[in-house]
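Q: Build me a model:
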Amino acid sequence: MYSRQEFRPKKKVKLTYHIRGDASAEKHIGAVAALQLDEITGRLYTAGRDSTVREWDVGPAVETPGFIAAYEGHTDWVNDVSVCRIGEAVRLASVSSDRSVRLWEPGGDGKRPEVILRHLDYVKATAFAEDTGMLLTAGLDGKVWTWDLGALPIEEVGAACEHPQSIYCVDVNRRGTIAALGSVDKVVRLWDPRTNTPFGVLKGHHDMVKAVAVSADGSKCLSGGSDNMLKLWDVGERRCIGTFRPHADSIWCIQADPDFTRVYSGSRDGSVAVTRLARDESEAAGGPASHQLLETGSSVLALAASSSGDRLWTSSILGGVQEHVLSSANAAVAPGRVLEVDPPLTKFKLFTDGQTVCTEDATGRSKLWDLPTGTVTADLGEVALDDAVKAHDTQPCHVPKWCALDTALGFLSVHLEPDNAFTGWVNASAVGGRDAEETPVNLGALVLRVLLRRFQESKKLRSGGGRGETAGALGASAAAAAAATTTMTGEPAVGSATATEAHKSLVEAGLSHDLFTLPDHTRMVLSQTTEPVRTICQMTVGSCGDQTETLLRECPEWIQQALFNRLAPFGDKSKPPEIAVFVGARSDKDANSSKRFGGLRKSAQPVRYVGKPTTTVRSLKVAIAKSIKDGGADPAEISVFHEETELADEVKVSYIYQTLFKRKEILLEYTRTSNK
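A: Predicted structure coming up:
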């Protein structure tokens, strides 16, 4: 009998690097999902869909918000943020769709946050009980975890609170005795975080609950839902004491004042409203008033109000972050300060050359990017993506897809995985080699050697050489370099003569190159994609040498082969593109059969042919026909295929890599010509 462990999926690891291009280092890219105002320090914290948290100086005397710091560590959207003040210590808690909770020290370098990994799905909300130092985190896995931030190390407070449905919002009173959860099951659940005990269910909404707020003393609770309703609840009596409809569409966020006398609400329809809450039954009979304050132009994601009620910060999907100055009666609104964001990329298309990407952002502006260097090669202006691709994807070549792309964070993310990282072959002249150089090079291997160059240098300096065929080439120079200057952490100094010498040795050994570079600030993430999904390490191109110990321990074999072997990694995926050659007439049945190379003439002998860089498919057919030992064949009976596409006679063959007629295929790299 087999054990379950024998059938466990093999661990898969991918390397992702991010291309921000000319985007400002101070601005968010795309929408800001959460706001947190700390009036004690005059700081505003913003959490964005670009995976970052940013700190701003928005004190009363500041005319223009001053950028202070960016906290980078999450690998997906940051959904919520809380300022946690415990005595004189201040921490910033952020939760993300990458399933993690991170605790930062405001004003620090933001590079080494404490990371909590307990959720099994997107973490959507967080809340902090100021008097007890308890942090609550809730997510789509239906669990709420409670953490004691006053303890060192941080401790869990009992087991997680289990919820039958995904949780989208959570809030808690100052003493940490009453928490409210909003979910897709249309109810608000009350829960005691100290004992993880549920003690009430508030029913009344007709759609999912998107936002909740609990008063400081825990006696009242507010909830807003996708049914357009804002409800005020008496927690002690477990009943609704007020229902309001301040918007014509779903309520996505709410912000109550400290006294729970008024609440601001933001809607999917882009409107922001203020509602005066009833203090007693007599006031409720008179009908508490709701009125619209302003329009943002797009769905409102987050609100942050000053305790005095004279300032309100809003964040919307397309409008960035805006401050609004309110009158004492909340009747008039004047524009205030603005935090601008860069427009996110929404569409992309990889060209057939395997290196150029065309993107379109939220404003309809298109650009051309070079993947190996991470730079913008052309700003096309307000041109639709499809039109830009038709006009510019005219290079006569085809390179198999060697990476996966996405724009989920608002910028280009390039994912390298073992299944496809080494399928992209081009001539060296296409990536900065000598003009006439036709030597085939592998794009994935070249990019890996640029991304992890500092790791290569650090490892070689430590070992004083290489392994296998490279040991002799690197031994002397690397051993001498290893005794030279290093940093205080024992790593080779970036940009030092030592690192430069190590790089030269790597180039001479065929393990590195000077064809192109990527900026040192380019972010990389090494992550495991099979369960348990996790981030192994994060680094930049310039600092990956500091992660040498982690990379030596965690870096997968397919990456290490690309970095420390002269040849490209072995395996079918590291060979140039496949070209199938059929000799003899093939029926439609054969062409559509599951046997990809069915119909090959049985009498055909192994074909050994190396073409010139400008050989066409037509001349290839003639040469193959002549090389068949049974007396030749009619070139008209020979068909040349790339994957499932038959190549026209005019297609140019730039390089034939290998002939493997035993597998009924010829492997080569080719370029196509436009049909005229």
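
Q: wait, what's in contact with the closest residue to Arg523 other than its chain neighbours?
A: Nearest residue to Arg523, sequence neighbours excluded (C-beta to C-beta, 6 or more residues apart in numbering): His18, at 4.6 Å. Bear in mind the C-beta positions are built from the backbone N, C-alpha and C, glycine included. For His18, the contact set (C-beta atoms under 8 Å, 6 or more residues apart in numbering) comprises Leu409, Phe411, Leu412, Ser413, Val414, Thr522, Arg523, Met524, Val525.

Q: of all those, which comes closest to Thr261?
A: Among the contacts of His18, Leu409 lies closest to Thr261 (C-beta to C-beta), at 39.2 Å.

Q: Now Leu551. Its backbone dihedrals?
A: Torsion angles at Leu551 (phi, psi; degrees, to the nearest 10) stand at phi -70, psi -40.

Q: distance of it from Ser458?
A: 9 Å (C-beta to C-beta, to the nearest Å).

Q: so which helix or strand takes in Gly21?
A: Using DSSP states H and E, Gly21 sits within no helix or strand.

Q: Actually, Ala93.
A: Element membership of Ala93, judged by DSSP H and E, is strand 89-96.

Q: Adjacent strands (with direction) for the next helix or strand after that strand?
A: Per DSSP H and E, the first helix or strand lying C-terminal to strand 89-96 is strand 101-104. Applying DSSP bridges to the sheet, strand 101-104 is found paired with strand 89-96 (antiparallel), strand 114-116 (antiparallel).

Q: most packed of those strands?
A: strand 89-96 (a mean of 23; mean count of other C-beta atoms under 10 Å).

Q: Work out the gap between that one and the centre of the chain.
A: Centre-to-centre, strand 89-96 and its host chain are 20 Å apart (C-alpha atoms, centre = their mean, to the nearest Å).

Q: and the residue nearest to Arg523, what are its bridge partners?
A: Applying DSSP bridges, one finds that His18 bridges with Ser413.

Q: Per-residue pLDDT of it, please?
A: Note on His18: pLDDT of 95.

Q: sorry, back to before: okay, the contacts of His18 in TSV with neighbour count and pLDDT next?
A: Shown next, in TSV, are the contacts of His18 (neighbours: other C-beta atoms under 10 Å; pLDDT from 0 to 100):
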residue	neighbour count	pLDDT
Leu409	22	95
Phe411	22	95
Leu412	20	96
Ser413	21	96
Val414	22	96
Thr522	20	92
Arg523	19	93
Met524	21	94
Val525	20	95
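
Q: Which parts of the stretch 151-300 of the chain are helices?
A: 281-285 (DSSP state H, counting those that start in this stretch).

Q: Tell me how many other residues crowd Ile559.
A: When counting by other C-beta atoms under 10 Å, one arrives at 25 neighbours for Ile559.

Q: Might you list the low-confidence residue ranges for the stretch 401-550 of the chain?
A: Across the stretch 401-550 of the chain, the ranges flagged by pLDDT under 70 are 433-438, 464-499.

Q: got the CA positions of stretch 451-463 in PDB?
A: This file holds the C-alpha atoms of stretch 451-463, laid out as PDB (Å, rounded to 0.1, in the frame of the first residue of the first chain):
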ATOM      1  CA  LEU A 451      18.800  39.200 -11.900                       C
ATOM      2  CA  LEU A 452      21.000  37.100  -9.700                       C
ATOM      3  CA  ARG A 453      24.400  38.400 -10.700                       C
ATOM      4  CA  ARG A 454      25.300  39.500  -7.100                       C
ATOM      5  CA  PHE A 455      24.400  36.000  -5.800                       C
ATOM      6  CA  GLN A 456      26.600  34.500  -8.500                       C
ATOM      7  CA  GLU A 457      29.500  36.700  -7.400                       C
ATOM      8  CA  SER A 458      29.000  36.100  -3.700                       C
ATOM      9  CA  LYS A 459      28.900  32.300  -4.100                       C
ATOM     10  CA  LYS A 460      32.000  32.300  -6.300                       C
ATOM     11  CA  LEU A 461      33.900  34.500  -3.900                       C
ATOM     12  CA  ARG A 462      32.900  32.200  -1.100                       C
ATOM     13  CA  SER A 463      33.900  29.000  -2.900                       C
END
